[in-house]
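Undergrad: need the 3D shape of this:
(3 chains)
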Amino acid sequence: MNNYLDNLNSEQRKAATHIEGPIMVIAGAGSGKTRVLTYRIAHLLKQGVSAFNILSLTFTNKAAKEMQNRIEEIVGESKAINLWMGTFHSTFSKILRFESERLNYPTNFTIYDTDDSKSLIKTIIKELGLDKEIYKPSFIRNKISSLKNNFITVEKYKNSLELNQQDKIAKRTDFGKIYQIYTKRCEKAAAMDFDDLLLKTYQLLENHSDILLKYQKKFKYILIDEYQDTNHIQYLIIKKLAALNENICIVGDDAQSIYAFRGANIQNILNFKIDYPDYTTCKLEQNYRSTSTIVNAANSIIKHNEKQIKKVVWTKNKTGDKILITNTSSDNDEGRLVANTIIEIQKQNQENYKNFAILYRTNAQSRALEESLRKRNISYKIYGGISFYQRKEIKDLLAYYRLCINPNDEEAFKRIINYPTRGIGTTTIQNLNIAANRYEKSIWEIINNLDDIDIKINQGTKNKIQEFATMINNFIINATQKNAYHTAEEIAKETGVFNKLYTDKSPEGVSKFENIQELLNGIKDFEKNADLGSNKLADFMQDVALLTDQDEETKYDTNKVTLMTVHAAKGLEFPYVFVVGLEENLFPSMMSGENQESLEEERRLFYVAITRAKIRLFLSYAKTRFKWGQFTESKMSRFLNELDEEYIEKQEIFLEKKDYKPYKIYPKVKLVKTKSYSNNLKSIPSKKLTKVNTVENTEIGRNTLNKIRNGMEVKHNKFGKGKVLNISGEGSNKKATVFFNGIGQKNLLLKFARLEILS
DNA sequence: ACCTCAAACATTTTT
DNA sequence: TGTTTGAGGT
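TA: Residues are numbered from 1 along each chain as shown, chains lettered A, B, ... in the order given. Below is the predicted model of the structure:
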C-alpha cells in the first residue's frame, strides 16, 4: 500500500501534516485546497487523534459530504464516523439544539428562512403603522442581518449614539423599535433566523463558561475552509473555540472573497496573524486545474485589484486554447451561441454534457439560456433560483409540519391558517394578532383558549378556528408517536392539501402535485435511512431550512449541463465553462457602481468565474438585453479590457434571424482581427465554433471523409489508434464505427472526428 | 370572506 | 417578462 501522502506536493504536504499549532494556508484557485483539507484530517486520524475531537467547517453541506467520503476511503469508515463536518450554520444549529435549554429555547426551535424573516418584518411594520416606502422589509431585514453578523444586539444598538444618529439622518428613527420587536417575536415563536444561529452560538459560549470549556475540550482540532468568506461573528466564535488548544487550520484565498455583501471580512485573515503570533503559513500556488492560458488570464485580471495578499499562481499544465470572447446582438442570441457551441464541442470531442457549465452574474439571466438549451434538446440542471424547498406548494406543506413541531411558529401559522381556505379571513387573523400582542402570547395559545379571551370574533368563525386547533393538536400527538412518513402523509391528506392539488389538472397544478409527492418520497427515504430513535417528522424538519438544492442528491442529473450563478460555482470546476453577460451594469453589477471596494469584489467574482474552467473558457456579452420587459442597450464589461490580449481571441457573431430550426442556426462566424490575433497567427489553433473551421473543411477532414474504408487503421487524437469496423450514412452524415485499443467501440461522425488514416 | 382582474413592481450575489 | 398587490364585484 502506498503512503497516502504521496499524492501531495511538498507545500501541500506541509499543510496537511503540520498538525500542532495555528496554521494559515493561502491557497490559490485550483491548487488542491480540498485535497489538503482531506489529507490533513486523514493524517490526524492516522496519528491517533479521535474523530470526536475534530471540527471541520466547510462552505456547503455538499462539500462536507464529499470530504467525509474521501476521508473514509483513506482511513476506513469506522474511524471517520464521529467527525463534525458541515457548514457554520448546520454545525452550530446542532450545538444550539443540544444546549437549547440554556437559551430558553425548545430543542425543536424553528429556523426562519429569509422569506419568513421578511414576512415577519412586514407584519411588524404594518402593526406599527409605518410607511413601507421608508421602511422597506427587505432593506430592514438586510440591516438587521448585518447588525447581528457584527455582533450588535438590540441593546448595543439602542446604546449606540452613532447608529441612532444615522437613523435620524435617514429619517428611519423607528428602526430600533422594529429590531427590538422582531427579536422578541422570534423568541416568542421559538424561532431563530439564519443570523441567530451564529449570534446565539456566540452568546451561548460567552455566557456559559462550562459550555465553552466543554466544546473547547471536544474540538481539539479545528479546520476552516473558505476562511476569506467568514464574517465577524463567525470569527468571534472560532476565536473562542480555538482559544484553549490553538490547533486551528484556516484555508482561504483572498482573491476569491466574494461574500462581503453578507458581512464577509478579509480582515479576518489579517487578524489571524495577530491572534496567533506563532502561526505557520503555507502558500499553495501551483494550479493543477486549468490550462496555463486560463491561469495567466486570471492573473492578468486579479492584478488590477489593489487589495490583495501577494502570491503567484502558476501551472505546469499545457498552454491550451485561447479564451474566446464573443459579442452577440441580444441575450437570446447569446443563449443560442452557447447552445450551438455545446453541441459542436459535444460532437467533435464526444464530450458529456456534464462537462459544461454556464455561469452568470444574476439568476434572472438563466431564462434565455434555458430556452436555447431546451430548443436544442440539451438536458441541463439549474442550481439556485427557486430551489425545491422555496416552492410555494412545498413551503405550504412544510408550514403544517413546522406547526406540528413548534406550534408557536408564527410564520408557519400565518401561511396555513386559511390554506386550503376554511373561512378564516384576514380580519379574523388581524383580530387574533391584536389579541396575541395584547396578552403577550403566541397566536397558537390564543386560539387554544378562545373562550377565556376577550376577542371580537363571531361564533361561526370561532367554531372554525377551534376545529383547526383540534386538527393540529391531533397531528402534534401523532408526530411524536408515529414515524415521519406516516405523519407527513396523514397531514397532507387530512388538511386537504393533497386533494386540492390533485383535483387541479392545470399544468401548474399537476407539477405542484408531483412536487408534493417528491417531498413525501424524500421523507420516506429519510425515514428508511434514519436511526431508530430519530426517524420522526421533527428529525426530518431539523435541517430543512438549511438545505440548498446543491445539497440534494444528484440521482437524476447524471449527465447534464450545469447552469448557476458565479457565487454558486465557488469551489467547483468544469472542463468547459461559459461566462455570459459580461456587460457593464450586469457584471460588474449595477449596484457596485463606481465604488472601489465593491468593484474589487466584482473583479474577484470574475476571477472566480474564469478559474472554474479546466480546458476551455468562453466569454460573451450582448449588445441588447431584455430587462424588466424592455430592451436595454449594454456596453462591454470593463473586465474584458483588463484581460491580457495574449490570451484572448475576439469574434463577432451574426446569427440568422429568429429561425430556430436546428439545421439553420449554426452561427455564421466572422473573425474580427485583433492585435493579438493578427500578430500571432501561428499560435495554437483553437477549436473554433465555426462552420468554416469544422473538420470537414480541413485537409485531414476531407481526406478522412472521402477516403475512409472498412478495415483501415486510424488514429484519433483522444482515443488513439483503432480499426474501422463499419461505415454508414452519406455526405456530411457519414459515420464510422471504430474499435479503439483499450477503449472499445465508438460511433464517430466523420464531419467532426479528427481521424488520421494510418494504413 | 373570497374571487378576479388590472396595475404596479421588480432583479445582485446566499447560509 | 412574471409576480405580487389592491380595488371592486359577488
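
Undergrad: can you map out the strands along the stretch 351-500 of chain A?
TA: With DSSP state E, counting those that start in this stretch as the criterion, the stretch 351-500 of chain A has strands at A:356-360, A:380-382.

Undergrad: helices or strands up against the first one?
TA: Strand A:356-360 sits against helix A:331-349, helix A:366-375, strand A:561-565, strand A:574-579, with contacts defined as 3 or more C-beta pairs under 8 Å, 6 or more residues apart in numbering; DSSP states H and E. In short, each C-beta sits where N, CA and C put it, glycine included.

Undergrad: does the shortest one reach DNA strand B?
TA: Yes. With C-beta under 7 Å from any atom of the strand as the threshold, strand A:561-565 lies in contact with DNA strand B, specifically through A:T565.

Undergrad: any chance of the helices and strands packed on strand A:356-360 in CSV, with distance to A:L244 too?
TA: CSV is the format used below for the helices and strands packed on strand A:356-360 (distance: least, C-beta to C-beta, whole Å):
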stretch, distance to A:L244
helix A:331-349, 52
helix A:366-375, 47
strand A:561-565, 39
strand A:574-579, 42
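
Undergrad: ok, and the closest non-adjacent residue to A:I81?
TA: Sequence neighbours aside, A:A51 is the residue nearest to A:I81 in space, at 6.5 Å (criterion: C-beta to C-beta, 6 or more residues apart in numbering).

Undergrad: repeat for A:Q47
TA: Here the residue nearest A:Q47, using C-beta to C-beta, 6+ apart, is A:I19, at 6.9 Å.

Undergrad: list the contacts for the one you found?
TA: Neighbour list for A:I19: A:40, A:43-44, A:47, A:49, A:221, A:247 [criterion: C-beta atoms under 8 Å, 6 or more residues apart in numbering].

Undergrad: between the residues you listed, which sits nearest A:V544?
TA: Proximity of those to A:V544 was ranked by C-beta to C-beta; the top entry is A:Y221 with 29.9 Å.

Undergrad: so which residues of the stretch 1-150 of chain A form helices?
TA: With DSSP state H, counting those that start in this stretch, the ranges of helices along the stretch 1-150 of chain A come out as A:10-17, A:33-46, A:61-75, A:77-80, A:88-98, A:114-127, A:137-149.

Undergrad: same check, this time on the stretch 251-400 of chain A
TA: A:267-275, A:292-302, A:331-349, A:366-375, A:392-405.

Undergrad: and those as a markdown table, adding mean pLDDT, distance to A:S138 and mean neighbour count?
TA: Formatted as a markdown table, the helices of the stretch 251-400 of chain A follow (pLDDT from 0 to 100; distance: least, C-beta to C-beta, whole Å; neighbours: other C-beta atoms under 10 Å):
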| stretch | mean pLDDT | distance to A:S138 | mean neighbour count |
| --- | --- | --- | --- |
| helix A:267-275 | 88 | 27 | 15 |
| helix A:292-302 | 94 | 32 | 23 |
| helix A:331-349 | 88 | 26 | 22 |
| helix A:366-375 | 88 | 21 | 19 |
| helix A:392-405 | 90 | 18 | 22 |
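
Undergrad: just want the most central residue of chain A.
TA: The structure's chain A has its C-alpha centroid closest to A:A568; by C-alpha atoms, centre = their mean the separation is 3.7 Å.

Undergrad: if I look at the closest residue to DNA strand C within the stretch 351-500 of chain A, how far off is A:L359?
TA: The stretch 351-500 of chain A approaches DNA strand C most closely through A:R367 (5.7 Å), counting by C-beta to the nearest atom of the strand. Using C-beta to C-beta, to the nearest Å, A:R367 is found at 15 Å from A:L359.

Undergrad: now do A:S90
TA: Using C-beta to C-beta, one gets 26 Å for the distance from A:S90 to A:L359.
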